[in-house]
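*Asks:* Structure, please.
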Amino acid sequence: MKSWIKNNILAIIVLCLIPIIIFFSPVTGNKKNIPKYFNQVFEKGVVVSVLEESLEPDEALSNRMNGKQVLKVKILSGTYKGNTYESTNLLSRSHNVLAKEGTKIVVGIRETEKGPQIWVYNYRRELTVYFIIGIFLILLIILGGMKGLKSAISLLFTGTIIIFILIPQLFSGRSAILTTIILMSISVIISFVLISDWNKKTLASILGTIGGIIIAGLISYTAGSMTHLSGINMREGEQLAYMVSGYGIDISGLMFSAILISSIGAVMDVAMSISSSISEIYLHNPSLSRKSLFISGMNVGKDIMGTMSNTLILAFAGGSLTTMMLMYGYQLQTIQFLNLQEVAIEMIQGFSGSIGIVLTVPLTAFIMTRFVSEK
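*Replies:* Now for the predicted structure:
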């Protein structure tokens, strides 16, 4: 038992840190100096019955109805739990929640002089989201064993860092670039040490990953400056811009932060693959020179960088699929298409991350060859 605890002490410490970070985070605690933009609350609800409805099929979209419903809704959580209210539910293309008896929904509640005003916000989807996450974690632990469990802990820790530390720090006016580099570097170190323990291979992977994501972020930041793009041009960036005076957000560095976060997983994968390959080659043939080890690492990297770059670019392309379809539908010319800010941002982020991946290969190979050949 003692040896097991000793071998897994870091995993135990990280597991204990996660609830502590969440407890003391402004996300769950007292949000000091945070202006309140909305005066309603959102609670769980269920449709008791449909009192009236006037619906007609959408001419363009099959299986969708537009119109109006009058619902009897029961509140299942919060201050109003157990109360039943009438609510008018308008269905359009932008807001289309077709309610039936027993439909689980999220309701918005606004207090007025006449009492609580209830409106249908959306379907309840969190149970399905939790179910998918649960399946992923269970499969990771079952098939990966202890390594899988540590990977799950690493993933939870990274998510906790982003949601409960990074985002509040950005809202408090901290430098987006510096804050993201520091917090993501901590996440990289913890993740690698959890999964691979502390050794030369892990250290080379850490240094290669941090170097790769910083390069990717700097290229993204430089390209954004050259093309007059910043965080304000990103999705929801304009809404964030209106909050700058209330929160003090460093919106100019958000593109840098976004590329670091989005590319860190792929860069970590490449760095570990290169350092593991060189370590294994040296283990079986310790007489190889540094130059030979470096060339071997680069040969392995050539196979990796193509697939990982495709992975990153396709991920960005998938996220902007509807935008590209709109561009095609409107028959935009090439000069129009390439100069749209949405397209430019996606391309800069995708290719900046890919450049980070490509440069991670020689960087990690160089560091690892130095480490393994030192006595």
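*Asks:* which stretches of the stretch 101-250 of the chain form strands?
*Replies:* 104-112, 115-123 (DSSP state E, counting those that start in this stretch).
*Asks:* what does the first one rub up against?
*Replies:* Contacts to strand 104-112, defined as C-beta atoms under 8 Å, 6 or more residues apart in numbering, come from residues 39-47, 73, 75, 78, 80, 87, 97, 99, 116-124. C-beta: built from backbone N, CA, C; applies to glycine.
*Asks:* What of stretch 218-229?
*Replies:* 177, 230, 253, 255-256, 258-259, 341, 344-345, 348-349, 352-353, 355-356.
*Asks:* list the buried ones in that stretch?
*Replies:* Neighbour-count burial for stretch 218-229 flags Leu218, Ile219, Ser220, Tyr221, Ala223, Gly224, Leu229 (criterion: 16 or more other C-beta atoms under 10 Å).
*Asks:* Show me the one of the strands of the stretch 101-250 of the chain that comes nearest Ile313.
*Replies:* For these, the distance to Ile313 is smallest for strand 115-123, at 31.8 Å, taking C-beta to C-beta.
*Asks:* Give me the sheet partners of that closest one and which way each runs.
*Replies:* Strand 115-123 sits in its sheet next to strand 104-112 (antiparallel), going by DSSP bridges.
*Asks:* Alpha carbons only: can I get stretch 50-67 in PDB?
*Replies:* Coordinates of each C-alpha in stretch 50-67 appear next as PDB, following Å, rounded to 0.1, in the frame of the first residue of the first chain:
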ATOM      1  CA  VAL A  50     -49.600  22.000 -23.600                       C
ATOM      2  CA  LEU A  51     -52.700  24.300 -23.100                       C
ATOM      3  CA  GLU A  52     -52.700  25.800 -26.600                       C
ATOM      4  CA  GLU A  53     -50.700  25.700 -29.800                       C
ATOM      5  CA  SER A  54     -50.700  27.200 -33.200                       C
ATOM      6  CA  LEU A  55     -47.900  25.600 -35.300                       C
ATOM      7  CA  GLU A  56     -47.100  25.200 -39.000                       C
ATOM      8  CA  PRO A  57     -44.200  23.400 -40.700                       C
ATOM      9  CA  ASP A  58     -41.100  25.300 -41.600                       C
ATOM     10  CA  GLU A  59     -41.000  25.700 -45.400                       C
ATOM     11  CA  ALA A  60     -37.200  25.400 -45.600                       C
ATOM     12  CA  LEU A  61     -36.300  23.000 -42.700                       C
ATOM     13  CA  SER A  62     -37.900  19.600 -42.500                       C
ATOM     14  CA  ASN A  63     -39.100  18.200 -39.100                       C
ATOM     15  CA  ARG A  64     -39.300  21.800 -37.600                       C
ATOM     16  CA  MET A  65     -42.300  23.700 -36.600                       C
ATOM     17  CA  ASN A  66     -42.800  27.500 -36.200                       C
ATOM     18  CA  GLY A  67     -45.500  29.200 -34.300                       C
END
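*Asks:* quick one on the thing from earlier: any chance of CSV for the buried residues of stretch 218-229, columns pLDDT?
*Replies:* As requested, the buried residues of stretch 218-229 are exported to CSV (pLDDT from 0 to 100):
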residue, pLDDT
Leu218, 84
Ile219, 86
Ser220, 82
Tyr221, 81
Ala223, 84
Gly224, 80
Leu229, 76
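*Asks:* Can you flag which of those residues belong to helices?
*Replies:* Among the buried residues of stretch 218-229, DSSP state H puts Leu218, Ile219, Ser220, Tyr221, Ala223, Gly224 in helices.
*Asks:* returning to that earlier point: quick one, which of the contacts of stretch 218-229 are buried?
*Replies:* Buried members of the contacts of stretch 218-229, counted by 16+ other C-beta under 10 Å: 177, 230, 253, 255-256, 258-259, 344-345, 348-349, 352-353, 355-356.
*Asks:* Secondary structure of Ser62: a helix, I assume?
*Replies:* No - secondary structure of Ser62, determined by DSSP: H, G, I helix; E, B strand; the rest coil: coil, with no helix assignment.
*Asks:* Is there a neighbour count for the closest residue to Ile142 other than its chain neighbours? I'd like the number.
*Replies:* Sequence neighbours aside, Gly148 is the residue nearest to Ile142 in space, at 7.3 Å (criterion: C-beta to C-beta, 6 or more residues apart in numbering). Counted with other C-beta atoms under 10 Å, residues neighbouring Gly148 total 17.
*Asks:* And the one 10 residues further on, by the same measure?
*Replies:* Taking other C-beta under 10 Å as the criterion, the count of residues near Thr158 is 20.
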